[in-house]
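Participant: For reference, the sequence and a predicted model appear below.
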Amino acid sequence: MHDIVLAHTATKLADARGRVVVCGSHGGAYVGLLAAEAGVRAILLNDAGGGREGAGTGGLAVCERYGIAAATAHHTSCRIGNAQDTMARGVVSAVNAAAAACGVTLAMPVAQAAQRLAAAPLAAPTAHAGTEHRSEAVLGAVRLLILDSNGLVRPGEDDGAIIVTGSHGGLVGDDPASAGRAQARLFAFNDAGVGIDDAGISRLPALEARGIPAVCVDYLSARIGDGRSTYEDGRISHANAAAARLGARPGQELRVLIEEMAARAADRP
């Protein structure tokens, strides 16, 4: 039987080629590309509540396109960002045709689904996920970074920027150090439907402890895995205290908050 590997994030699948991966990442299209690029045999992800345009399970179709069996766990059954919890408590919420062909069904425990996916055929890695997923602009005196994944943050180089990501707002492996790898002016994430144990917003208190403002946008307002959608479509659902002091409030358009921050920075001597 082929190995099953646990990975808190799909940005770290270097050793997963040919293996079944139980992963804490959301099931968006960007993650589907990462899975294809890594050449996994099959992958189980978190549905992030589905969200706008069903983006939280959009990676299943991407995986299907590359011949990879894929399924998601319901965001209320296990903590997003935590592979062990996904394996222990996760319940399947969506499957692609390749996973269904292996006998994976809705409401099946993830642990059972992972065993069945060991029978999935191995596809060749053909996708190239690492292109055009990071963009930069300048608003007055403020750098604005728009990233499809929090994994694209560059420590040191990105300090002082406003960083808008398509990532979920959950800690990776419950590790506070994973919240954000830069001393940003502001971090923005997708709340992934919040989910069990409030996992989808757990980066916010971790960043608060470092004095970094952070917000999550409502999963129904922006496509998870799409930083541009976070910026252009996102409406704030949760903010830590540091962000609230900057004027962040539930229901506010993220873009408005960022424009206000940039205007204040431009007014300073």
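Facilitator: Received it, and whenever you're ready, just let me know what you need. Numbers count the residues shown, from 1 in each chain.
Participant: in this structure, which spans are helices?
Facilitator: 29-38, 59-65, 83-89, 97-101, 110-117, 203-208, 227-233, 241-244, 254-267 (DSSP state H).
Participant: Okay, buried residues for the last one please.
Facilitator: It stands for helix 254-267. The neighbour-count check on helix 254-267 (16 or more other C-beta atoms under 10 Å) flags 254, 257, 258, 261, 262 as buried. Where C-beta positions appear, they are placed from N, C-alpha and C, glycine not excepted.
Participant: How about stretch 82-89?
Facilitator: 82, 83, 85, 86, 87, 89.
Participant: Please apply the same query to stretch 101-121.
Facilitator: Buried residues in stretch 101-121, defined by neighbour count with 16+ other C-beta under 10 Å: 102, 104, 108, 109, 110, 113, 114, 115, 116, 117, 118, 120.
Participant: Show residues contacting that stretch.
Facilitator: 1-2, 4, 20, 22, 41-42, 44, 67-69, 71, 73, 78, 86-95, 98-99 (C-beta atoms under 8 Å, 6 or more residues apart in numbering).
Participant: is it possible to export the helices of the chain to TSV including mean pLDDT?
Facilitator: Below are the helices of the chain laid out as TSV (pLDDT from 0 to 100):
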stretch	mean pLDDT
helix 29-38	94
helix 59-65	97
helix 83-89	98
helix 97-101	98
helix 110-117	98
helix 203-208	98
helix 227-233	98
helix 241-244	98
helix 254-267	92
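Participant: Tabulate those helices (a markdown table), appending distance to residue 50.
Facilitator: Formatted as a markdown table, those follow (distance: least, C-beta to C-beta, whole Å):
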| stretch | distance to residue 50 |
| --- | --- |
| helix 29-38 | 13 |
| helix 59-65 | 11 |
| helix 83-89 | 17 |
| helix 97-101 | 17 |
| helix 110-117 | 17 |
| helix 203-208 | 20 |
| helix 227-233 | 14 |
| helix 241-244 | 26 |
| helix 254-267 | 20 |
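Participant: Can you check which of these gets nearest to residue 174?
Facilitator: helix 83-89 (8.5 Å; C-beta to C-beta).
Participant: CA atoms of that closest one as PDB?
Facilitator: The C-alpha coordinates for helix 83-89 follow below in PDB (Å, rounded to 0.1, in the frame of the first residue of the first chain):
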ATOM      1  CA  ALA A  83      -3.200  17.800   8.900                       C
ATOM      2  CA  GLN A  84      -3.300  15.700  12.100                       C
ATOM      3  CA  ASP A  85      -6.700  17.000  13.000                       C
ATOM      4  CA  THR A  86      -7.900  16.500   9.400                       C
ATOM      5  CA  MET A  87      -6.800  12.900   9.600                       C
ATOM      6  CA  ALA A  88      -8.300  12.400  13.100                       C
ATOM      7  CA  ARG A  89     -11.600  14.200  12.800                       C
END
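Participant: Noted, bye for now.
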